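Novice: coordinates only, sequence not included:
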């Protein structure tokens, strides 16, 4: 960070903002501090880079001509409407929630961006005050090594390529979702020609650029539906379990009581629906003697066999 | 930090200082998430910026003497920068994702405030509006959250219907103080009257609660529940598991100390604060656990498996 460079870019922004018409490059070179002493080549390069930097921070630098007869005489300006944060007001409850947002991100980059956004709101006269909601302390992590590159690509709609479970994948990022404490990328897999969900923790190495920013359209995305598709599938199987009174945790909460069904002394017969046997076997075994399988027989045998494995391993 | 970061900050700093005459240096630095030294450097850049032409009256004025003497910032001659700039895509997205994380554990008025704040931010972001990004936190039932929020606000003791990690039900009496999120899971941080100590309870595992009387307990501030909180538990023990590759998922779901991936199996070191939790994990993993170190750490799971097998009878 050089103070001279910051001064030059800020002066350029003010110059273009105050311009009533498009200002030609040669004029900018004369009036903006920091350009006159540069050679022609250095000026061209520096000016292009400064413009790009302004655009990257969200400042819309417009290109156009003042003269309809000579549209090649291009100049530059910044429209105040595009430059300034539009009028925005928040209620006390909204401002309180905004204040909490500052402490949510555990990743330094996103935390800085959030603080920067909140500083803009404060500069617009809003006072995000989290003290009203001091009893809430949410957080989001972003520990995945590939997170930063994928986040960036998703924001600018840039195709990327990465290694995933041993294979190269070329993806157009559409959306990201944070579930069970981990980040997922949802996008179009170019080789499969279909949408896919990727767990970012499983991306091996880094994600690299595979095309230009903004080079594809993002369709309407239903993240919940996409998530459900990678889940366990429809729960079209049913088991009858015997669950001890007051036990069973989540299994009990998702089960339906079967009052007419016989169960061992101290147990209650309950029906649960499930999608895949291995997950249910694991869940039932975790409850030890508190949850027994009454039927189907195959499930009962699988549970008994897993319990025997637990006994046998440590013997 | 780059010049872009600095210019972006300066463009918000100018309207902020216009809206907050006589702003305090240290307070302002913390609003912008920078050190006081950095803010001084920022002011020194501003000093050289202003309207094109660079005549003395064109430049932004900062009373550097007042800053040095009293830490107060007085800025003038910048009437053309009265509003902050629009959000960059990264700022808008980081802020809105953080707010969605707050919404996951909020209830009542705050939750409603977040919904409306998000809608306003989306509108203000315009073309910088974020791509689809969602955040889901395992936060249990909305009713439980709103009753807890009310009890925290009123300072009342509640009795929880709780199922702990070892899947045993209990009804702890607690004074709730905070709802926190770690790794995508929401917890209640509360003073346990039974244990006379700070405890955390997973919101998902609280099925309901009953309000008792207002508390006069002087409990003070709860301990920091930051990353690595498990390590701070005095009685957490290190347990090593040798696992089949099929059980590799546990490294992504539980706070592991170390993971070594070998040719045909992997070795995972876990910190275990609650033996009942380890028992249910070993029962859940069954034959995918090849060895446990120290071996006696597996004794509880083995006893529970034997107990369950005897409940099935002689099969």
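Specialist: Perfect, I can see it now. Not measured: the values here are computed from a predicted model.

Novice: does the residue lying farthest from the centre of chain A fall in a helix, a strand, or a coil region?
Specialist: Relative to the centre of chain A, the most outlying C-alpha is that of residue A:265, 50.1 Å out, by CA atoms, centre = their mean. Assigned by DSSP: H, G, I helix; E, B strand; the rest coil, the conformation of residue A:265 is coil.

Novice: list phi and psi for it.
Specialist: Recorded main-chain torsions at residue A:265 are phi -50, psi 130, according to degrees, to the nearest 10.

Novice: state the distance from it to chain B.
Specialist: 10 Å (CB to the nearest CB, to the nearest Å). Every C-beta, even on glycine, is put in place using the N, C-alpha and C of the backbone.

Novice: what's the pLDDT at that residue?
Specialist: Note on residue A:265: pLDDT of 89.

Novice: could you pull out the helices for the stretch 101-250 of chain A?
Specialist: Ranges of helices in the stretch 101-250 of chain A, per DSSP state H, counting those that start in this stretch, are A:108-123, A:147-156, A:223-230, A:249-253.

Novice: nearest residue to the residue in the stretch 1-150 of chain A that chain B sits nearest to other than its sequence neighbours?
Specialist: Scanning the stretch 1-150 of chain A for the residue nearest chain B gives residue A:93, at 3.3 Å (criterion: CB to the nearest CB). Leaving aside its sequence neighbours, residue A:93 sits nearest to residue B:113 (CB to CB, 6 or more residues apart in numbering or on different chains; 3.3 Å).

Novice: what does residue B:244 give?
Specialist: Distances taken as CB to CB, 6+ apart put residue B:288 closest to residue B:244, at 4.4 Å, once the chain neighbours are dropped.

Novice: Serialize the helices of the stretch 101-250 of chain A to CSV and add fields for mean pLDDT.
Specialist: CSV is the format used below for the helices of the stretch 101-250 of chain A (pLDDT from 0 to 100):
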stretch, mean pLDDT
helix A:108-123, 94
helix A:147-156, 94
helix A:223-230, 79
helix A:249-253, 81
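
Novice: tabulate the ones you listed (a markdown table), appending distance to residue B:265 and mean neighbour count.
Specialist: Formatted as a markdown table, the helices of the stretch 101-250 of chain A follow (distance: least, CB to CB, whole Å; neighbours: other CB atoms under 10 Å in any protein chain shown):
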| stretch | distance to residue B:265 | mean neighbour count |
| --- | --- | --- |
| helix A:108-123 | 36 | 22 |
| helix A:147-156 | 29 | 21 |
| helix A:223-230 | 26 | 14 |
| helix A:249-253 | 29 | 19 |
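
Novice: can I get those in a markdown table with distance to chain B?
Specialist: Compiled in a markdown table, the helices of the stretch 101-250 of chain A are given as follows (distance: least, CB to the nearest CB, whole Å):
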| stretch | distance to chain B |
| --- | --- |
| helix A:108-123 | 4 |
| helix A:147-156 | 5 |
| helix A:223-230 | 5 |
| helix A:249-253 | 4 |
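
Novice: so which of those helices gets nearest residue B:259?
Specialist: helix A:147-156 (18.8 Å; CB to CB).

Novice: what distance separates that closest one from the centre of its chain?
Specialist: Relative to its chain's centre, helix A:147-156 lies at 8 Å (CA atoms, centre = their mean, to the nearest Å).

Novice: other SSEs contacting that helix?
Specialist: strand A:160-164, strand A:167-179, strand A:182-189, strand A:203-209, helix B:89-105 (3 or more CB pairs under 8 Å, 6 or more residues apart in numbering or on different chains; DSSP states H and E).

Novice: before we move on, back to that, okay if I get the helices of the stretch 101-250 of chain A as CSV plus distance to residue B:73?
Specialist: Below are the helices of the stretch 101-250 of chain A laid out as CSV (distance: least, CB to CB, whole Å):
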stretch, distance to residue B:73
helix A:108-123, 13
helix A:147-156, 33
helix A:223-230, 44
helix A:249-253, 55
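
Novice: please, which helix or strand holds residue A:51?
Specialist: Taking DSSP states H and E as the criterion, residue A:51 maps to helix A:40-56.

Novice: for that helix, give the mean pLDDT please.
Specialist: 93.

Novice: what do you get for stretch A:127-141?
Specialist: Per-residue scores along stretch A:127-141 average to 83.

Novice: okay, now the unreliable bits of the chain?
Specialist: You didn't pick a chain, so chain A it is. A:1, A:231-234, A:313-315 (pLDDT under 70).

Novice: that's the other chain; I wanted chain B
Specialist: B:1, B:54, B:165-167, B:214-219, B:225-236, B:252-253, B:255-257, B:314-315.

Novice: tell me where it has helices.
Specialist: If DSSP state H is used as the criterion, the helices of chain B fall at B:3-19, B:25-31, B:36-46, B:64-70, B:89-105, B:108-125, B:142-154, B:229-232, B:250-253, B:275-285, B:299-312.

Novice: leaving out chain neighbours, which residue sits closest to residue 67?
Specialist: Here I'm looking at chain A. That would be residue A:73: by CB to CB, 6+ apart, it lies 5.6 Å from residue A:67.

Novice: ah, no, chain B please
Specialist: In space, residue B:67 is closest to residue B:73, 5.7 Å off (CB to CB, 6+ apart).

Novice: quick check: the one you found touching residue B:22?
Specialist: Yes - with contact defined as CB atoms under 8 Å, residue B:73 reaches residue B:22; the gap is 7.3 Å.

Novice: those two: who's more crowded?
Specialist: Using other CB atoms under 10 Å in any protein chain shown, the more surrounded residue of residue B:73 and residue B:22 is residue B:73, with 24 against 12.

Novice: which residues touch the residue nearest to residue B:67?
Specialist: B:17, B:22, B:23, B:24, B:25, B:28, B:43, B:62, B:63, B:66, B:67 (CB atoms under 8 Å, 6 or more residues apart in numbering or on different chains).

Novice: next, count neighbours for residue 144.
Specialist: Answering for chain A, as no chain was given. Using other CB under 10 Å, residue A:144 has 19 neighbouring residues.

Novice: you looked at the wrong chain, it should be chain B
Specialist: A count of neighbours around residue B:144, defined by other CB under 10 Å, yields 21.

Novice: in the sheet, who's paired with the residue lying closest to it once chain neighbours are set aside?
Specialist: Ranked by CB to CB, 6+ apart and with sequence neighbours excluded, the top spatial neighbour of residue B:144 is residue B:206, at 5.2 Å. Note on residue B:206: beta-bridge partners by DSSP bridges are residue B:162.

Novice: correct me, but residue B:206 touches residue B:158?
Specialist: No - counting by CB under 8 Å, residue B:206 does not reach residue B:158; the two are 9.4 Å apart.

Novice: overlap of the contact sets of the two?
Specialist: Both residue B:206 and residue B:158 are contacted by residue B:148, under the criterion CB under 8 Å, 6+ apart.

Novice: of the contacts of residue B:73, which is the nearest to chain A?
Specialist: Lowest distance from chain A to those (CB to the nearest CB) belongs to residue B:17, with 8.4 Å.

Novice: OK, contacts around the closest one?
Specialist: The neighbours of residue B:17, taking CB under 8 Å, 6+ apart as the test, are B:23, B:28, B:73, B:75.

Novice: if I look at it, how far off is residue B:151?
Specialist: As defined by CB to CB, to the nearest Å, residue B:17 lies at a distance of 42 Å from residue B:151.
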